[in-house]
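Let's see this in three dimensions:
(chains A and B)
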Number of protein chains: 2
Amino acid sequence: MQILKDRILRDGQNLGGGILKVDGFINHQVDPALMDACGKEFAEQFKDVGATKVLTAEISGIAPAVSTALHLGLPVVYARKTKPITMPDQVFLTLAPSHTKGRTVELIVSPEYLTAKEKVLIIDDFLASGATILGLARLAQTAGARIVGIGALVEKTFEKGREALQPLGVPVVSLVAITRMEGKTIEFKE
Amino acid sequence: MQILKDRILRDGQNLGGGILKVDGFINHQVDPALMDACGKEFAEQFKDVGATKVLTAEISGIAPAVSTALHLGLPVVYARKTKPITMPDQVFLTLAPSHTKGRTVELIVSPEYLTAKEKVLIIDDFLASGATILGLARLAQTAGARIVGIGALVEKTFEKGREALQPLGVPVVSLVAITRMEGKTIEFKE
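Reported below is the predicted structural model:
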């Protein structure tokens, strides 16, 4: 997706250690028009998978997931990383290592909003090692739901997340794929 | 706003202690079409305040703030509650008591995205005691920015947040205002 690639080249920053800073348009400051365009693109690519719900993880997955869900006419659920007092005692919970946080985080979804009837489209900002997305997939599977697709704004191919997701047997779509980051150079898959 | 009021009456739940559960459409599961309608309404109400940026707090402010910002053609910044590794060492930080978490949380914004030139529209999900919104206002003021308006999806008038915000001297808009919650009864301001 050219506008996302252009934006990463203009405002993204390689912080080293495989970390791409996108705080100016995805993660801390958000460009709503860009997120809307990305959501529209995901909706187009996943229009035939029969999804009934979009699933993401707080925090940075929320903007692209809500936009995708709006264009598909679906509700979106974001997995919480801490259990709020409004959630029932019995929840779906899994652990996922967080690359950018350097620790393991909890992913929690209430059984009220994820049931065996759902066909789940997972949307997140990054596909790196795939750990967060695999965590979301485990939550969906624990609920008895079916996963029908996975979308990420930015894939870092050198972290092999796509291979990790392959056993799920569902279409994996990234809007841009970065093959190499070195110094100021960010290379994309054509 | 009638559709939000209707949704609260249908799917909201008074958990007691002043806590309204809206996990089914705002806070954990999100109804993107409802958030889009709310954002459109905020954009209409704040179209003449000259805002250059929308400011909110993670996590539950993100969906309504992104939607509002999309309809106003503005970027949105969400204050983080933990400092990510992508953020510079020098940040704007304030503390705000969280009603639903029963503890004080940090609100952190990078100086990269909040400057003295900005005219800030604050958007959040709830206006209860006003503590979170006052925290966001302090961040904006510390940056030297001007606050030009405040919007909340749901006001709980009995927690007196509107009075707490009055010294800021800016328009405060809530899309629905709850005057009383008792058992299954939720009463709205006409």
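
outside of the longest helix along chain A, which residues touch it?
Longest helix of chain A, by residue count under DSSP state H: helix A:32-45. For helix A:32-45, contacts defined as Cβ atoms under 8 Å, 6 or more residues apart in numbering or on different chains pick out A:1, A:3-4, A:7, A:25-26, A:63-64, A:66-72, A:123, A:151, A:153, A:171, A:173, A:175, B:66-67, B:69-70, B:73-76. Heads up, the C-betas are built off the backbone N, CA and C, glycines and all.

now do stretch A:152-159
Stretch A:152-159 has contacts (Cβ under 8 Å, 6+ apart) with A:4, A:8, A:18, A:20, A:22, A:26, A:38, A:64, A:123-130, A:133, A:161-162, A:172-181, A:189.

same thing but at 7 Å, please
A:4, A:18, A:20, A:26, A:38, A:64, A:124-129, A:161-162, A:174-180, A:189 (Cβ atoms under 7 Å, 6 or more residues apart in numbering or on different chains).

which residues touch the residue most central in space within chain A?
What sits nearest the mean C-alpha location of chain A, by Cα atoms, centre = their mean, is residue A:124, with 1.0 Å. Contacts for residue A:124 (Cβ under 7 Å, 6+ apart) come out as A:56-57, A:61, A:132-133, A:152.

before we move on, what about residue A:68?
So residue A:68 contacts A:39, A:42-43, A:54, A:123, A:151 (Cβ under 7 Å, 6+ apart).

what's the spacing between residue A:29 and residue B:86?
Separation of residue A:29 from residue B:86 (Cβ to Cβ, to the nearest Å): 12 Å.

On the pLDDT front, check residue A:183 for me.
pLDDT recorded at residue A:183 is 92.

What's the local residue count around it?
7 (other Cβ atoms under 10 Å in any protein chain shown).

Skipping adjacent residues, who's closest to it in space?
The shortest distance from residue A:183 to any non-neighbouring residue, by Cβ to Cβ, 6 or more residues apart in numbering or on different chains, is to residue A:14 (7.0 Å).

Please apply the same query to residue A:72.
Of all residues not flanking residue A:72 in the chain, residue A:43 sits nearest, at 4.8 Å (Cβ to Cβ, 6+ apart).

of all the contacts of residue A:124, which two lie farthest apart?
Distances among the contacts of residue A:124 were taken as Cβ to Cβ; the most separated pair is A:57 and A:152, at 11.5 Å.

can the contacts of residue A:124 go into JSON lines with extra columns for neighbour count?
Shown next, in JSON lines, are the contacts of residue A:124 (neighbours: other Cβ atoms under 10 Å in any protein chain shown):
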{"residue": "A:56", "neighbour count": "28"}
{"residue": "A:57", "neighbour count": "28"}
{"residue": "A:61", "neighbour count": "26"}
{"residue": "A:132", "neighbour count": "26"}
{"residue": "A:133", "neighbour count": "29"}
{"residue": "A:152", "neighbour count": "28"}
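
Mind checking which of those residues are in strands?
Assigned to strands by DSSP state E, the following of the contacts of residue A:124 qualify: A:56-57, A:152.

what residues does chain A put near chain B?
For chain A, the contact set with chain B under Cβ under 7 Å from any Cβ of the partner chain comprises A:15, A:19, A:21, A:23-24, A:27-33, A:35-36, A:58-59, A:62-63, A:66, A:69-70, A:75-78, A:80, A:84-87, A:100, A:110, A:113.

For chain A, just list every one of the helices.
Here chain A has its helices, by DSSP H, at A:2-11, A:32-45, A:62-72, A:131-142, A:161-165.

Deepest-packed of these, please.
Among these, ranked by average contacts under mean count of other Cβ atoms under 10 Å in any protein chain shown, first place goes to helix A:62-72 (a mean of 27).

what angle sits between that one and helix B:32-45?
Orientation check (axes from the mean of the first three to the mean of the last three Cα atoms, to 10 degrees): helix A:62-72 against helix B:32-45 gives 100 degrees.

which among the residues of chain A next to chain B end up buried?
With neighbours counted using 16 or more other Cβ atoms under 10 Å in any protein chain shown, the residues of chain A next to chain B contain these buried positions: A:19, A:21, A:23-24, A:27-32, A:35-36, A:58-59, A:62-63, A:66, A:69-70, A:75-78, A:80, A:84, A:86-87, A:100, A:110, A:113.

Count the neighbours of residue A:104 for me.
Neighbours around residue A:104, by other Cβ under 10 Å: 11.

Pull the contacting residues for residue A:15.
Contacts of residue A:15 were listed using Cβ under 7 Å, 6+ apart, and they are A:21, B:86.

Which pLDDT value belongs to it?
Note for residue A:15: predicted pLDDT of 94.

got it, and residue A:18?
For residue A:18, the model assigns a pLDDT of 89.

Same question for residue A:190.
So residue A:190 comes in at 82 (pLDDT).

now it: how far from residue A:33?
For residue A:190 relative to residue A:33 (Cβ to Cβ), the value is 25 Å.

what's the answer for residue A:8, then?
16 Å.

that older thread, make TSV out of the contacts of residue A:68 and add pLDDT and distance to residue A:166.
Below are the contacts of residue A:68 laid out as TSV (pLDDT from 0 to 100; distance: Cβ to Cβ, whole Å):
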residue	pLDDT	distance to residue A:166
A:39	98	25
A:42	98	20
A:43	98	24
A:54	98	21
A:123	98	18
A:151	98	16
